[in-house]
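**Q** what shape does this take:
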Amino acid sequence: DVLYTEAFRESVERLHADIRKTKPKVIVPMGNIALYAMTQYTQITKRRGSVYFWEGIPVVPTLHPSSCFRVYLNQYLIMTDLKKAAMIAEHGYQPTERNLIISPSFYETIEYLKLCKEQDMVAFDIETVRTKSNGKFQDWEISCLSFSTDALSAICIPFLDESRNNYFSESQEVEIWMHI
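**A** Numbering: from 1, shown residues only. So this is what the prediction gives:
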């Protein structure tokens, strides 16, 4: 986490003023504190390589270079992020249009599964959670399945909601499994 002090706030204000003067085509914050200074987000390992905006300027965060001393392979992540930033600086940023169905209705689920059956190849992912009985872990349960028919579309079929209750009714879930 970032320790937000008066000195930090003043430093961020100076940084922002300098950036406004130079008007860069892209900003690359390196590390968690730099990420926070430009986006108010933390968790650099989850956010690196993503594109954010600060006053209309693309921001492509990456890991701090010193992380390579701890994890040698981080250098490749940093290089990938820097190449992405260079591409954005040269060509601008156009977000990719994707069709991602995250909380589907029963109807959307069945229709997407029918579409999957028509494809030669389908990518999938399975997420599981541990179940508890009398305070002890007993077994694994499928929490969601994801399917993708191409690089730009996918569906995540949840079987459990955030409270680990059934997302679909029992009869709907049976029908979904029959289509899978």
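**Q** distance of the residue of the chain most remote from its centre from Tyr41?
**A** Most distant from the centre of the chain: Asn134, at 34.5 Å, with distances by Cα atoms, centre = their mean. Look at Asn134 and Tyr41: by Cβ to Cβ, to the nearest Å, they are 40 Å apart. C-beta here means a position set from N, CA and C on the backbone, and glycine is covered the same way.
**Q** go ahead and confirm Asn32 touches Lys46.
**A** No. Counting by Cβ atoms under 8 Å, Asn32 does not reach Lys46; the two are 10.5 Å apart.
**Q** residue ranges with poor pLDDT in the protein?
**A** When residues are selected by pLDDT under 70, those of the chain lie in 1-2.
**Q** show me what the longest strand anywhere in it is packed up against.
**A** Using DSSP state E to define each element, the chain has its longest strand at strand 136-150. The contact analysis (3 or more Cβ pairs under 8 Å, 6 or more residues apart in numbering; DSSP states H and E) places strand 136-150 against helix 106-117, strand 123-133, strand 153-158.
**Q** name every strand pairing with it and say which way it goes.
**A** strand 123-133 (antiparallel), strand 153-158 (antiparallel) (DSSP bridges).
**Q** and Leu145, which of the helices and strands packed on strand 136-150 is closest to it?
**A** Proximity to Leu145 (Cβ to Cβ) singles out strand 153-158 among these, at 4.9 Å.
**Q** circling back: just the strands paired with strand 136-150: most buried one?
**A** Scoring the strands paired with strand 136-150 by mean neighbour count under mean count of other Cβ atoms under 10 Å gives strand 153-158 as the most buried, with a mean of 19.
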